[in-house]
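Engineer: A structural model of the following input is requested.
(one chain, ligands or ions: 1)
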Amino acid sequence: MTAKIIDGKAIAERIRAQIAQEVQQRVEAGLTRPGLATVLVGDNPASQIYVRMKHKACEQVGINSFGYELPADASQEEVEALVERLNADPAIHGILVQLPLPAGLDEEKVLGRIRLEKDVDGFHPLNIGRLAQKGREPLFVPCTPAGIMVLLEEAGVTLEGARAVVLGRSNIVGMPVSLLLLRRNATVTVCHSRTRDLPAVTREADVLIAAVGRAEMVRRDWVKPGAVVIDVGVNRVEDPTAKKGYRLVGDVAFDEVKDVASAITPVPGGVGPMTIAMLLKNTLRAAKLAD
Ligand code: GUN
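Structural biologist: Numbers count the residues shown, from 1 in each chain. Alright, predicted model coming up:
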């Protein structure tokens, strides 16, 4: 079997085009142009790249973006005061605090300061709490997990009653995507560093989500024939033949697993572009909530 490649880049481009059109229509109708504020604390190089990509994506769809940077030694009070300022600014509909925050800052307190209506990352404790409970609806759902759900939908995957296995339990991906899969009536297993006989567990999966940040950890014999595999990992591996001296690989050994899976996301070009598309979508929604 050769897996169908789930083209996240193309799906994300389509979503971005729809957002651009809606933004234009809003502005023509005299409504506010959506605005996103990013808060970057410290000088983590990966975070700097991600934030830059988010601003560029905003610009492409006509969303205003405002970048705020604080030094790595900024105090808890300074970070929270900035969030409060952005909460009060009517030109800003969404607030994104790039994670991880430097050590010493209380992430939960910072995220809890964001006005619920502006929590486009969906990391406010109330939004996450609602996501975890039956009959409750979060205002916003975290972007990478939301993007994964769109990819599964686009690939025509039936989640009802399916066995889903999530590798990784991070606050940003593993935990919230597990909750989303559960809400869709999948039977969900969450694996982590202490899980015994990991390959035996992943082989049970109809839908396997890999979000651990370990290069090519998921091998061919970890995957049930016909499974759908979503690879969230973005890992640098040395490659002297590459121009930059490295290349990006996922958490899944793509070349092996594509021969057993029925569908698989590539890295790059799978989940990554969806994260940003969902952020734009959430920001547009936040602007609509403020109308
Ligand atoms: N760090 C890694 N992924 C994310 C994300 O989706 N949002 C934020 N704020 N920080 C991140």
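Engineer: all contacts plus neighbour counts: C-alpha atoms, from now on.
Structural biologist: Noted.
Engineer: Next, the buried residues of the helix or strand hosting D255.
Structural biologist: Element membership for D255, per DSSP states H and E: helix 254-257. Across helix 254-257, burial judged by 16 or more other CA atoms under 10 Å covers F254, V257.
Engineer: Would you mind writing the CA trace of it as CSV?
Structural biologist: Taking C-alpha atoms only, helix 254-257 is exported to CSV below (Å, rounded to 0.1, in the frame of the first residue of the first chain):
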residue,chain,number,x,y,z
PHE,A,254,8.1,8.9,6.5
ASP,A,255,9.7,6.7,3.8
GLU,A,256,9.0,3.5,5.7
VAL,A,257,5.6,4.4,7.1
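Engineer: next structured bit after it?
Structural biologist: strand 263-264.
Engineer: Name the strands paired with that following strand and say parallel or antiparallel.
Structural biologist: strand 4-5 (parallel), strand 228-231 (parallel) (DSSP bridges).
Engineer: Show residues contacting that strand.
Structural biologist: Under the criterion CA atoms under 8 Å, 6 or more residues apart in numbering, residues A3, K4, I5, I6, A155, G226, A227, V228, V229, I230, D231, K258 lie in contact with strand 263-264.
Engineer: mind running it again at 7 Å?
Structural biologist: A3, K4, I5, I6, V228, V229, I230, K258 (CA atoms under 7 Å, 6 or more residues apart in numbering).
Engineer: pLDDT score assigned to the third one?
Structural biologist: So that's I5. For I5, the model assigns a pLDDT of 98.
Engineer: Hmm, it is touching T265, no?
Structural biologist: Yes. Contact status for I5 versus T265: in contact at 5.8 Å, counting by CA atoms under 7 Å.
Engineer: And these two? Which one has more around it.
Structural biologist: T265 (26 against 16; other CA atoms under 10 Å).
Engineer: out of everything not next to it in sequence, what's closest to the more buried one?
Structural biologist: Distances taken as CA to CA, 6 or more residues apart in numbering put I6 closest to T265, at 4.9 Å, once the chain neighbours are dropped.
Engineer: how close does that neighbour get to V228?
Structural biologist: Distance, I6 to V228, using CA to CA, to the nearest Å: 10 Å.
Engineer: between those two, who's got more neighbours?
Structural biologist: Higher neighbour count among I6 and V228: V228, with 27 against 22, using other CA under 10 Å.
Engineer: any idea which element R52 lies in?
Structural biologist: Here R52 sits within helix 45-61, counting by DSSP H and E.
Engineer: Check which helices and strands that helix is in contact with.
Structural biologist: Applying 3 or more CA pairs under 7 Å, 6 or more residues apart in numbering; DSSP states H and E, one finds that helix 45-61 contacts helix 8-28, strand 64-70.
Engineer: For it, what does the pLDDT average out to?
Structural biologist: On average, helix 45-61 scores 97.
Engineer: can you dump the C-alpha coordinates of that helix into PDB?
Structural biologist: Coordinates of each C-alpha in helix 45-61 appear next as PDB, following Å, rounded to 0.1, in the frame of the first residue of the first chain:
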ATOM      1  CA  PRO A  45      15.500  31.600  18.000                       C
ATOM      2  CA  ALA A  46      12.800  29.100  17.100                       C
ATOM      3  CA  SER A  47      10.100  31.300  18.700                       C
ATOM      4  CA  GLN A  48      11.500  34.300  16.700                       C
ATOM      5  CA  ILE A  49      11.100  32.400  13.500                       C
ATOM      6  CA  TYR A  50       7.500  31.300  14.400                       C
ATOM      7  CA  VAL A  51       6.400  34.800  15.300                       C
ATOM      8  CA  ARG A  52       7.900  36.200  12.100                       C
ATOM      9  CA  MET A  53       5.900  33.600  10.100                       C
ATOM     10  CA  LYS A  54       2.700  34.500  11.900                       C
ATOM     11  CA  HIS A  55       3.100  38.200  11.100                       C
ATOM     12  CA  LYS A  56       3.900  37.400   7.400                       C
ATOM     13  CA  ALA A  57       0.800  35.200   7.200                       C
ATOM     14  CA  CYS A  58      -1.400  38.000   8.800                       C
ATOM     15  CA  GLU A  59      -0.100  40.500   6.200                       C
ATOM     16  CA  GLN A  60      -0.900  38.100   3.300                       C
ATOM     17  CA  VAL A  61      -4.600  37.900   4.300                       C
END
